[in-house]
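Chemist: Below: sequence and its predicted model.
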Amino acid sequence: MAKKSTYKELEQKVKFLEKQLSVLANTAASLREKTMRSREAAQMAGLGYWELDLVSNRLYWSEEIYRMFDLDPKEFGATYEAFLETVHPEDRNHVDQAYQDSLKNKTGYDIVHRLLLKDGTIKHVHERCETEYDDDGDPVRSLGTVLDITGQKREEYGFAGIIGRNAAIKEMFETIKGVADYKIPVLVQGESGTGKELAARAIHNESVRSDKPFVAVNCGALPHGLLESEIFGHVKGAFSGAVKDRKGRFELARGGTIFLDEIAELPRDMQVKLLRVLQDGIFEPVGSEKSIKANVRVISATNKDLKKEVQKGNFRDDLFYRIGVIPIQIPPLRDRKDDIPLLVKFFLEQASLDGQPSDGFSKKALSAMINYDWPGNIRELQSAVWYALIMSKGKTIQPEHLPIELNNNKTRSFPNSDKEKPSRGPSKKLDKEVVKEALIKTGGNKSKASRRLGVGRATFYRFLKDFPEIEKSIE
């Protein structure tokens, strides 16, 4: 018969077990801490780990991969085929072939490809893989890593949403980085369609104000009578129809950035009011005697030569020197033709997400794109890509699928004179009757009418400003 333990012996055993449990708990806590640190390090590095059992076809993904692919591990059935569905359709065959070749040749693989997330976001990843084999030489398990390199790819293709690697564009990127964190006014200059608002947004997004509003105002599109109210706001009863207080763009942009596009179109009386805001940092809403502090960064843009507008008496010289402390000149597309293939690729990717797949441009078609002068700049290039996609019906784009002006292209020069300037788009000119008809068919909606005629809104508004009788005739 086994001897019963005394109370003292039992007490000693309990203490021993408690000590062992404490050691195990500390070990578990240490492991949890190490695991947590590993996860944090992987997330900071954008590195994920995966493992594929080739016998059961079960795929294990680390938490970082689920985060990277924007998938829920509880909902996603992780298999090799399911993984391929997350790969960008244009890269899917390449990724699958690379993996199959690595299994066959026992080489592993090291590739870069794109992901297409469920919300339409495209990510670039760098993937490495090695495979283990059994004694008979059959593959049994593949192990790999996935690194998110989207940021690096964006830097390769451009900066802050602006696509380009041309030397002049890179110089502009450096200027944007240099001025982003200062409140100094910036003047962005360039022809229509070159991307002046993109440059302004890049300055805002790279600055400490990036989490605050970015408010854009098209000075040439707003009616003169409403311009002051739109920019500075108004109080109730300030004028007929002012039934309540309304904040203006300067107040809506508080703490952030206000972008004054088409600044050269600003009437002289409004130029005086804007000058006061820049000098004193305050403004008054229409009908109010109370001053409001303007805590905003001002970025202006124009497609005109403001120095010449000053000489003509159309623009105040004191305002010019206030808004143009830091000038940024965006080159026209004809001066950065080495960026055209990159821009075409970008627009094709965007189109594929909108349900317009394509086999891409043939060499001859791309050559025609490069040899064209693009008077409408990037906006015209984007329209041409969409036109070609529709005409080619998803097949390889040939020269005959391009807009007629590209096929009838003749090399033109653009001297720096007022007499000869590039037009703002295709050779089509606006006609009063055509504009009137477009307004009637769109119920007076100017934005829809300008799209119907294939011209920019600013161009359309300027035309209506030059011919006010058009709107009066349809009232």
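Modeler: Right, received. Where do you want to start?
Chemist: next structured bit after the strand ranked longest in the chain?
Modeler: Counting residues, the longest strand in the chain under DSSP state E turns out to be strand 122-133. Sequence-wise, the next helix or strand downstream of strand 122-133 (DSSP states H and E) is strand 139-148.
Chemist: Just checking: what are the partner strands of that following strand?
Modeler: Taking DSSP bridges as the criterion, strand 139-148 pairs within the sheet with strand 47-53 (antiparallel), strand 122-133 (antiparallel).
Chemist: List the buried residues of the shortest one.
Modeler: Translated: strand 47-53. Going by neighbour count (16 or more other Cβ atoms under 10 Å), the buried part of strand 47-53 is 47, 48, 49, 50, 52. Using the backbone N, CA and C atoms, a C-beta is placed for each residue, glycine as well.
Chemist: How about the contacts made by the second one?
Modeler: When contacts are counted by Cβ atoms under 8 Å, 6 or more residues apart in numbering, residue 48 touches 42, 61, 62, 64, 65, 67, 68, 145, 146, 147, 148.
Chemist: low-confidence ranges in this structure?
Modeler: Within the chain, the stretches with pLDDT under 70 are 1-46, 154-158, 352-355, 409-430, 451-456, 475.
Chemist: Look up phi and psi at the spatially most central residue of it.
Modeler: The centre of the chain sits closest to residue 161, judged by Cα atoms, centre = their mean, with a distance of 4.0 Å. Note on residue 161: its backbone torsions stand at phi 90, psi 0 [degrees, to the nearest 10].
Chemist: From residue 444, how far out is it?
Modeler: 33 Å (Cβ to Cβ, to the nearest Å).
Chemist: likewise residue 240?
Modeler: 21 Å.
Chemist: just residue 296 next, same as before
Modeler: Counting by Cβ to Cβ - residue 296 and residue 444 are separated by 33 Å.
Chemist: So those two - more neighbours on which side?
Modeler: residue 296 (23 against 12; other Cβ atoms under 10 Å).
Chemist: check contacts around that one.
Modeler: Residue 296 sits next to 250, 253, 254, 255, 256, 257, 258 when contact means Cβ under 8 Å, 6+ apart.
Chemist: dump the residue contacts of the first one.
Modeler: Meaning residue 250. 231, 232, 233, 258, 277, 283, 292, 294, 296.
Chemist: how near is the first one to residue 57?
Modeler: With distances taken as Cβ to Cβ, residue 231 is found 62 Å from residue 57.
Chemist: which of those two has more neighbours?
Modeler: More crowded of residue 231 and residue 57, by other Cβ under 10 Å: residue 231, with 25 against 11.
Chemist: Name the residues of the helix or strand the more buried one falls within that are buried.
Modeler: Using DSSP H and E, residue 231 maps to helix 224-232. Neighbour-count burial for helix 224-232 flags 227, 228, 229, 230, 231, 232 (criterion: 16+ other Cβ under 10 Å).
Chemist: what's the distance between the fifth one and residue 223?
Modeler: The one in question is residue 231. Residue 231 is 12 Å from residue 223, where distance means Cβ to Cβ.
Chemist: Ok, the third one next?
Modeler: In this structure, residue 229 lies at 10 Å from residue 223, with Cβ to Cβ as the measure.
Chemist: need the buried residues of helix 224-232 in CSV with distance to residue 115, can you?
Modeler: CSV is the format used below for the buried residues of helix 224-232 (distance: Cβ to Cβ, whole Å):
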residue, distance to residue 115
227, 46
228, 49
229, 47
230, 42
231, 43
232, 46
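Chemist: Give the full set of residues in contact with the closest residue to residue 73 other than its chain neighbours.
Modeler: Among residues not flanking residue 73 along the chain, residue 66 sits closest, at 5.2 Å (Cβ to Cβ, 6 or more residues apart in numbering). Counting by Cβ under 8 Å, 6+ apart, residue 66 touches 72, 73, 76.
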